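1. what follows is a predicted protein model with its sequence.
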Amino acid sequence: MRQYIEKFIDSMTMYRLVLYGLYLITATAFVLSLLGQLSFTVLELGPTLLVLLVVSYVSSKLFAWTFSAPYNPESWQITAFIVFFLIFPQSDLKGYLLTALVAFLSVASKYILAIRGRHIFNPAAVAVVISGLLGLLGATWWVATLLLLPVVSIVGLVITWKLRHFMMVFVYGLVSVSLAGIIALVAGRDLGEAFKTVIISTPIVFAGTIMLTEPLTSPTTKRSQVIYAVLVAVLGGLQIGWISKPDVALLVGNLFSFLTGQRRAIKLEFVSSTQITPSVYSIVFKPVNPIRFKAGQYIELTLPHEHPDDRGIRRTFSIASRPGDQYIKLGLVTAIPSSTFKTALLALSPGTIVRATEVGGSFVLPDNIDEPIVMIAGGIGITPFRSMIDDLIAKQEKRPVVLFYAARQENLLVYGGLLNEARKQLGIMIVPIVAQPSSTWAGEKGYLDMQTIERYVGNVYEHTFYISGPNAMALSFREQLRAAGITPSRIKTDYFSGY
């Protein structure tokens, strides 16, 4: 069952998955309304949603044109549907005008409430907060109802799974529920009722899985994500007035995320694309402004193009170059048929400016340089390791590292020159393994397994394992390592979701 869920999740981008999830919640709400199970009629839900969608679409086109920014057909829809679940459905002209204002504010916030081209706040949350402060339509979070909870939970779980933000969502939920219990005990109220209320009658599930996790306004490293989750949960659960509204608490968390992360829009000038194997290209960009990142982290590109397929116009890539390099290098693997995104990327002309939405990730080497490391790379999963190794060479930093690099054929192995330099200069052990080798291949053959790892590494229990590659491969090795007795804290995974 798990592999089918993984395959479904990896078949689309995160943004498309969120959008489809919101479609499902919306459809469920309409069905419940038709059955008389909601407080709102279809004649209230329908026109309200229509106003939100029309105004969001027009506003998105207008602001994109005004600010010479890329138009994202998924972004405005996601924002419109989230706003739909936060404000009461309307039934008269005045209500529709106020709804239109909230929709406009949500789109406008992405461009106006921004610093150096990077928006700070969750668009839906900031729109309802501003509207509420003006005495107009504030957030009511009508989505927080028992009848919608099952579908909201399923959608939230799938989104959390896609993003691998389990820890952030878990911490947010745990702190929220725990705080509700503590407050109930102090006030002498029933503990069970307090837990029931916070789960069923507050937007903890919707806010925690769908809004808290929004990539552009949440932190990109695990440590910051935990702090962010605690901050939003505590502010939202303290019951200290206006600041404890879930939408306000989320905005405070967004501000923390902005202050601790990349604080400017990321623009990259396309330099070149070079085919380095029959199916792998090296993509080179030059940052317009310096980009802060750690070796092993990823970057998400936004590339508007005509008639995008279901994968959308955004894609995440591990950075192959080291921090401090004047270029950002990416590895791109192609397939037949290729996605519209990859086709558009390979067709770029030198000098074209491409925007990136975020840089982040926790797939980085430990601070302790004496900690033994085993790197396991599958196919294009070598890219974050290339960044790490290039960085080690630049620093002349010797670490106890063994790299296992698995590929289907030897002509698909890349970055051989750099890996040889790492072997010579730093003593890093490089073990390439080819599943379908030619008759001239003299290295390891077949598929990488624990026996091969133990043969080169020895005592595996002293090592920390880093796994990067296709999701199925990363999950398989994680399970093998855990079955062998390696503690989860010593297993770090990076994966290419539907790459």
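-> Received it, and whenever you're ready, just let me know what you need. Numbering: from 1, shown residues only.
2. could you use CA atoms for every contact and neighbour count after this?
-> OK.
3. can you confirm residue 330 is in a helix?
-> No - when DSSP: H, G, I helix; E, B strand; the rest coil is applied, residue 330 is found to be strand, with no helix at that position.
4. quick check, it in contact with residue 316.
-> No - the pair residue 330 and residue 316 does not pass the contact test of CA atoms under 8 Å, sitting 10.1 Å apart.
5. neighbour count for these two, which is higher?
-> For residue 330 versus residue 316, the count of surrounding residues by other CA atoms under 10 Å is larger for residue 330: 23 against 18.
6. for the more buried one, list each beta-bridge partner.
-> residue 283, residue 319 (DSSP bridges).
7. who touches it in this structure?
-> Contact criterion CA atoms under 8 Å, 6 or more residues apart in numbering gives 282, 283, 284, 317, 318, 319, 320, 321, 383 as the residues in contact with residue 330.
8. wait, which of those is closest to residue 94?
-> residue 317 (46.1 Å; CA to CA).
9. tell me the secondary structure for that closest one?
-> When the structure is reduced to helix, strand and coil (three-state DSSP), residue 317 reads as strand.
10. and of the contacts of residue 330, the nearest to residue 9?
-> Of all these, residue 9 sits closest to residue 317, with 17.5 Å by CA to CA.
11. in stretch 146-164, what's buried?
-> Counting neighbours by 16 or more other CA atoms under 10 Å, one finds that the buried residues in stretch 146-164 are 148, 149, 151, 152, 153, 155, 156, 157, 158, 159, 160, 162.
12. same check on stretch 43-53?
-> Neighbour-count burial for stretch 43-53 flags 44, 45, 47, 48, 49, 51, 52, 53 (criterion: 16+ other CA under 10 Å).
13. also stretch 434-450?
-> Of the residues in stretch 434-450, those buried (16+ other CA under 10 Å) are 434, 437, 445, 448.
14. most neighbours among the contacts of residue 330, which one is it?
-> The member of those that has the most neighbours, counting by other CA under 10 Å, is residue 318 with 31 neighbours.
15. for the buried residues of stretch 43-53, name the two members farthest from one another.
-> For the buried residues of stretch 43-53, the farthest-apart pair by CA to CA is 44 and 53; their separation is 14.6 Å.
16. for the residue nearest to residue 298 when sequence neighbours are not counted, give its distance to residue 41.
-> Of all residues not flanking residue 298 in the chain, residue 318 sits nearest, at 4.0 Å (CA to CA, 6 or more residues apart in numbering). The gap separating residue 318 from residue 41 is 47 Å, by CA to CA, to the nearest Å.
17. who's in contact with the longest strand anywhere in the chain?
-> Taking DSSP state E as the criterion, the chain has its longest strand at strand 266-275. Contacts of strand 266-275 with the rest of the structure, by CA under 8 Å, 6+ apart, involve 281-289, 291, 346, 348-358.
18. out of those residues, which are inside helices?
-> Among the contacts of strand 266-275, DSSP state H puts residue 346 in helices.
19. buried subset of the contacts of strand 266-275 as a ChimeraX selection?
-> When burial is assessed using 16+ other CA under 10 Å, the buried subset of the contacts of strand 266-275 is captured in ChimeraX by this command:
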select :281,282,283,284,285,286,287,291,346,353,354,355,356,357,358
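20. inside strands: which ones of the contacts of strand 266-275?
-> Counting by DSSP E, the members of these that fall within strands are 281-287, 353-358.
21. take those residues and write them to a markdown table, including pLDDT and distance to residue 240.
-> As requested, the ones in strands among the contacts of strand 266-275 are arranged in a markdown table below (pLDDT from 0 to 100; distance: CA to CA, whole Å):
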| residue | pLDDT | distance to residue 240 |
| --- | --- | --- |
| 281 | 92 | 54 |
| 282 | 94 | 53 |
| 283 | 95 | 51 |
| 284 | 96 | 50 |
| 285 | 97 | 48 |
| 286 | 96 | 48 |
| 287 | 94 | 44 |
| 353 | 93 | 46 |
| 354 | 93 | 44 |
| 355 | 89 | 40 |
| 356 | 88 | 38 |
| 357 | 82 | 34 |
| 358 | 82 | 33 |
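22. closest to residue 86 out of those?
-> Checking these against residue 86 with CA to CA, the nearest one is residue 357 at 25.4 Å.
23. for the closest residue to the closest one other than its chain neighbours, helix, strand, or coil?
-> In space, and not counting its chain neighbours, residue 357 is closest to residue 300: 5.6 Å by CA to CA, 6+ apart. Under the three-state scheme (three-state DSSP), residue 300 adopts strand.
24. what's the neighbour count on residue 300?
-> Neighbourhood size, residue 300 [other CA under 10 Å]: 18.
25. how about the contacts made by it?
-> Contacts here follow CA under 8 Å, 6+ apart; on that basis residue 300 touches 314, 315, 316, 317, 356, 357, 358, 359.
26. show me the contacts for the first one.
-> Applying CA under 8 Å, 6+ apart, one finds that residue 314 lies in contact with 13, 300, 301, 302, 303, 341.
27. how close does the fourth one get to residue 357?
-> Taking CA to CA as the criterion, residue 302 is separated from residue 357 by 7 Å.
28. now do the fifth one
-> Between residue 303 and residue 357 the distance is 10 Å, computed by CA to CA.
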